[in-house]
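**Q** Need a 3D model of the following:
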Amino acid sequence: MPTGRLSGNITQDWEPVVLRRTKPKASDLKSAKAVNQALRSGAAVETVRKSAAGTNKHSAPAVAPARKLDETTEPAAVERVAAEVRAAIQKARVAKGWSQAELAKRINERAQVVQEYESGKAAPAQAVLAKMERALEVKLRGKGVGAPLQAAGGK
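**A** The predicted model follows:
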């Protein structure tokens, strides 16, 4: 009668498992502790000093900076409103008794646009100059800048 125990020869049917250590990481090998241990055991230790270590010097980049590339492909300076055009706009506006905001409203632009044209900061757009010519009745493009529009060509 069976009593719950197996009789006979019992054998182990699996292979033994061997646990191995993992390889040390490079950062662990560079630590002061690992270097001292290697020196004590007599192992060869190589030390290499980086040329710019601990300084704020950087070597020149291998590729050209983006700024230099842009300068070679694009014009260096953006064209601005000429001094005679600026003066003609101001003179005509003051002669009509308009403020910058009023001129801007008449040409459907912001007051800042008129201010930039009068200060010379704006890049001249032909459409804006044409609107100003019609509103101020003064020639602002081509030859004869500042002359009355009717005498300049009779548009």
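**Q** Please read off the pLDDT at the closest residue to residue 123 other than its chain neighbours from the model.
**A** Spatially, and ignoring its direct neighbours in sequence, residue 123 is nearest to residue 78 (5.2 Å; CB to CB, 6 or more residues apart in numbering). All C-beta atoms are positioned from the backbone trio N, CA, C, and that covers glycine. pLDDT recorded at residue 78 is 75.
**Q** tell me what the strand or helix carrying residue 92 is packed against?
**A** Here residue 92 sits within helix 83-96, counting by DSSP states H and E. Packing partners of helix 83-96 (3 or more CB pairs under 8 Å, 6 or more residues apart in numbering; DSSP states H and E): helix 111-119, helix 126-136.
**Q** and if we set it to 6 Å?
**A** Secondary-structure packing of helix 83-96 (3 or more CB pairs under 6 Å, 6 or more residues apart in numbering; DSSP states H and E): helix 111-119.
**Q** Regarding stretch 9-24, how distant is the last residue from the first?
**A** Stretch 9-24 stretches 44 Å from its first residue to its last (CA to CA, to the nearest Å).
**Q** Show me how far that stretch is from its chain's centre.
**A** Remark: stretch 9-24 is offset 58 Å from the chain centroid, using CA atoms, centre = their mean, to the nearest Å.
**Q** again with stretch 121-140
**A** 33 Å.
**Q** Report the contact partners of residue 25.
**A** With contacts defined as CB atoms under 6 Å, 6 or more residues apart in numbering, residue 25 has no neighbours.
**Q** Buried ones in the following helix or strand past the helix holding residue 92, by neighbour count?
**A** Next along the chain after helix 83-96, taking DSSP H and E as the criterion, comes helix 100-106. For helix 100-106, the neighbour count (16 or more other CB atoms under 10 Å) marks 100, 103, 104, 106 as buried.
**Q** Leaving out sequence neighbours, find the closest residue to the first one.
**A** What that stands for is residue 100. Take residue 100 and drop its neighbours on the chain: the residue closest to it by CB to CB, 6+ apart is residue 114, 4.5 Å away.
**Q** and the one you found, how far is that from residue 140?
**A** 12 Å (CB to CB, to the nearest Å).
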